[in-house]
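**Q** coordinates only, no sequence provided:
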Ligand SMILES: Nc1ncnc2c1ncn2[C@@H]1O[C@H](COP(=O)(O)OP(=O)(O)OP(=O)(O)O)[C@@H](O)[C@H]1O
Ligand SMILES: O=P(O)(O)OC[C@H]1O[C@](O)(CO)[C@@H](O)[C@@H]1O
């Protein structure tokens, strides 16, 4: 039997933008028409955006009697959504209401009291146990009003702080983009504060789905700063990372070209540049940033250590800075949060914005940090060289050491990218060296089977084996990070002496690309990411948000409260994740444990 199809002819783009979506859908299809259907399925075709129509459809379904009407929802524009998505057996607790999400006034007014603004979405859909045979998948999520969502907040995270939460009188000016000429209207599509991005997008059929969400970045219709009053500074901290210069340049260009800001400074050599007498704060200009996106490193200089909170905030106050852009990793974001808190405590109306930077990719929540793809690409070149050496020598062993003291992200993805690796050792795994199931026997077996092998070892892997580890745990860098003994050299020596003690000739080639993977210019995808992050940072600061870090979540740019980022700490490779399992499938490495 042909499936009846209902086309939503009324929705136009204008309708959607003016929130006319629900209405136009309702006028297309009424619950009544569904009640009298004898077809087992109905297909609705929405010409435009599917998401809101789904919610309306769900309402319609639930109003029909009997409430079980499988539906297919198709969308003509987006090929992904053209896949029929049947809705089945949606049983919701009555009364089901869909109300548009909006920020409850008391939440905004009391944000300084740390009212959780973290939002949850819940799917009150249930699939009866015996319906598995239907093979239909519940699809629609119901948005609950924010007030209800906040009750369900498990983590007590706070929302993105805004200057108006701390100051009675903050500026509110129409965005300069409103009056911009066409040539300056870049990035003009305003994003409302109510627009959010879901974090947990994988759902399991039959389980209630819950997801966090973050405020979407982008230009706001009203800004908190008059462009002539803005005095901005940019600082880069921690280790180098491909793309830093692009972020610096794009923050400068977004401030200048999108918002017409003139006073933009670069702070030299990391946090200490705010106060050290021998360092300068340089005014940024078109000439200064010209072509820097093609260069590795940091044009401003980047250092570890030197975090002196009160000196830094004194400097912010005495220079009259009201926007501070802080580019750096986990440690830097911790410092940035303290600067934000101190500015608010001293009643300094400053937007403090973090841009996450680390090739280790160990910052929580975000998809990945900029420069990581470039670092993985460079690391993969080293693995390729090790493979060539190993396959060209007699009993060749290619051993590559890669950066990553706490997290094996670079090693994991470079291994996956290269496809030539037999063993990938990261800080997160515990492995034995000797014994019948240890690493050395495994290498011997590989040489017997293939005549060569390639091993990747991350900087912080296998520490327990290195005698010096205990002593070196007390050695720290200027930022307090533990300095690692060189696991690559140690492992090379162990492998060589073990084979030699068994009278077996091996040819081990040790490659350590070391700083090469982070000192190169960013590849195209990283450069694009840097540009978008910089623009997000500027839009957020101009709108008056503060104490937030920019990042991508499910490929969308969002503003994340700094407090939430730092409360989660550095992330590590999850050994039960599908990504790690993919690496195991690629390397075929055994657990390397004797018991
Ligand atoms: N807990 C902290 N509180 C305040 N400042 C910190 C903290 N941890 C680190 N910092 C400061 O942040 C800056 C950078 O820190 P760190 O050297 O650890 O690099 P990072 O930001 O973690 O980046 P990377 O990933 O390159 O290591 C330094 O100036 C350091 O003093
Ligand atoms: O020698 P540096 O500058 O301290 O940097 C080394 C560390 O920096 C990183 O590249 C980033 O934190 C780590 O992978 C590495 O351990």
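**A** Looks like it arrived, so ask away. Just so we're clear, the structure is a prediction, and the values are computed from it rather than from any experiment. Residues are numbered from 1 along each chain as shown. Ligands and ions are numbered 1, 2, ... in the order given.
**Q** make it CA atoms for all contacts and neighbour counts henceforth
**A** Will do.
**Q** residues in contact with residue 274?
**A** For residue 274, the contact set (C-alpha atoms under 8 Å, 6 or more residues apart in numbering) comprises 267, 268, 281, 311, 312, 315, 316.
**Q** and the pLDDT at the nearest residue to the fifth one once chain neighbours are set aside?
**A** With C-alpha to C-alpha, 6 or more residues apart in numbering as the criterion, residue 312 has its nearest non-adjacent residue at 5.5 Å, and that residue is residue 274. On the pLDDT scale, residue 274 is placed at 97.
**Q** any idea how far residue 274 lies from residue 329?
**A** Distance from residue 274 to residue 329, counting by C-alpha to C-alpha, to the nearest Å: 18 Å.
**Q** check residue 226 too.
**A** Residue 226 is 30 Å from residue 329, by C-alpha to C-alpha.
**Q** which of these two has more residues huddled nearby?
**A** Remark: of residue 226 and residue 329, residue 329 carries more neighbours, 27 against 17, as counted by other C-alpha atoms under 10 Å.
**Q** got the contact list for stretch 443-460?
**A** In contact with stretch 443-460 (C-alpha under 8 Å, 6+ apart) are residues 383, 386-387, 390-391, 393-408, 410-411, 415, 420-427, 484, 486-488.
**Q** which of these are buried?
**A** Listed as buried from the contacts of stretch 443-460 are 383, 386-387, 390-391, 393, 395-408, 410-411, 415, 420-427, 484, 486-488; burial here means 16 or more other C-alpha atoms under 10 Å.
**Q** out of those residues, who's near ligand 2?
**A** Here is what survives when these are matched to ligand 2 using C-alpha under 6 Å from any ligand atom: 403, 404, 405.
**Q** please flag which of the residues you listed sit within helices.
**A** Among these, no member falls in helices (DSSP state H).
**Q** identify the residues contacting residue 173.
**A** Residue 173 neighbours (C-alpha under 8 Å, 6+ apart): 222, 223, 224, 225, 226.
**Q** figure out the helix or strand that whatever residue of the stretch 101-250 of the chain ends up closest to ligand 2 lives in.
**A** Nearest residue of the stretch 101-250 of the chain to ligand 2: residue 239, at 4.7 Å (C-alpha to the nearest ligand atom). Assigned by DSSP states H and E, residue 239 belongs to no helix or strand.
**Q** who's in contact with it?
**A** 302, 303, 304, 358.
**Q** so which of those residues also contact ligand 2?
**A** Applying C-alpha under 6 Å from any ligand atom to these, one finds that residue 358 fall near ligand 2.
**Q** can you map out the strands along the stretch 251-400 of the chain?
**A** For the stretch 251-400 of the chain, the strands defined by DSSP state E, counting those that start in this stretch cover 263-267, 281-283, 323-328, 351-356, 396-402.
**Q** could I get these as CSV with mean pLDDT?
**A** Shown next, in CSV, are those (pLDDT from 0 to 100):
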stretch, mean pLDDT
strand 263-267, 98
strand 281-283, 95
strand 323-328, 98
strand 351-356, 98
strand 396-402, 98
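**Q** so which of these comes closest to residue 201?
**A** Nearest to residue 201 among those is strand 351-356; the distance by C-alpha to C-alpha comes to 22.5 Å.
**Q** what stretches of this structure score poorly on pLDDT?
**A** 1-158, 180-188, 206-210, 467-474 (pLDDT under 70).
**Q** pretty sure residue 411 contacts residue 426?
**A** Yes. Between residue 411 and residue 426 a contact is recorded at 7.0 Å, counting by C-alpha atoms under 8 Å.
**Q** and residue 168, how many neighbours?
**A** With other C-alpha under 10 Å as criterion, residue 168 counts 8.
**Q** the one 4 residues further on now?
**A** Close neighbours of residue 172, defined as other C-alpha under 10 Å, add up to 15.
**Q** these two touch, right, it and residue 225?
**A** Yes. Between residue 172 and residue 225 there is a contact under C-alpha under 8 Å: 7.1 Å.
**Q** up against ligand 1, what does the protein have?
**A** Taking C-alpha under 6 Å from any ligand atom as the criterion, the chain approaches ligand 1 at residues 237-239, 271, 304-307, 328-332, 334-335, 358, 479.
**Q** returning to that earlier point: by neighbours, which of the contacts of residue 274 wins?
**A** Neighbour max across these (other C-alpha under 10 Å) = residue 267, 26 neighbours.
**Q** report the beta-bridge partners for that one.
**A** Counting by DSSP bridges, residue 267 is bridged to residue 235, residue 281.
**Q** for residue 321, see how far away it is.
**A** Note on residue 267: its distance to residue 321, by C-alpha to C-alpha, is 12 Å.
**Q** between the two, which contacts overlap?
**A** Between them, residue 267 and residue 321 share the contacting residues residue 233, judged by C-alpha under 8 Å, 6+ apart.
**Q** show me the contacts for the closest residue to residue 160 other than its chain neighbours.
**A** Nearest residue to residue 160 in three dimensions, chain neighbours excluded: residue 561, at 4.9 Å (C-alpha to C-alpha, 6+ apart). Going by C-alpha under 8 Å, 6+ apart, residue 561 touches 158, 159, 160, 161, 547, 548, 549.
**Q** same thing with residue 489?
**A** Shown in contact with residue 489 (C-alpha under 8 Å, 6+ apart): residue 510.
**Q** state the helix or strand in which it lies.
**A** Counting by DSSP H and E, the element that carries residue 489 is helix 487-501.
**Q** what angle separates that helix from strand 396-402?
**A** With axes from the mean of the first three to the mean of the last three C-alpha atoms, to 10 degrees as the basis, helix 487-501 and strand 396-402 are set at 160 degrees to each other.
**Q** would you indicate which residues of helix 487-501 are buried?
**A** Applying 16+ other C-alpha under 10 Å to helix 487-501 flags 487, 488, 491, 492, 495, 496, 499 as buried.
**Q** mind listing the strands for the stretch 101-250 of the chain?
**A** Listed in chain order, the strands of the stretch 101-250 of the chain (DSSP E, counting those that start in this stretch) span 121-122, 173-174, 196-198, 210-211, 213-216, 222-223, 231-236.
**Q** in stretch 297-309, what counts as buried?
**A** For stretch 297-309, burial by neighbour count (16+ other C-alpha under 10 Å) applies to 297, 298, 299, 300, 301, 302, 303, 304, 305, 306, 307, 309.
**Q** of all those, which comes closest to residue 244?
**A** Among the buried residues of stretch 297-309, residue 298 lies closest to residue 244 (C-alpha to C-alpha), at 5.8 Å.
**Q** who are the neighbours in contact with the closest one?
**A** Counted by C-alpha under 8 Å, 6+ apart, residue 298 has contacts 236, 240, 244, 245.
**Q** tell me how far the second one lies from residue 552.
**A** The spacing between residue 240 and residue 552, counted by C-alpha to C-alpha, is 20 Å.
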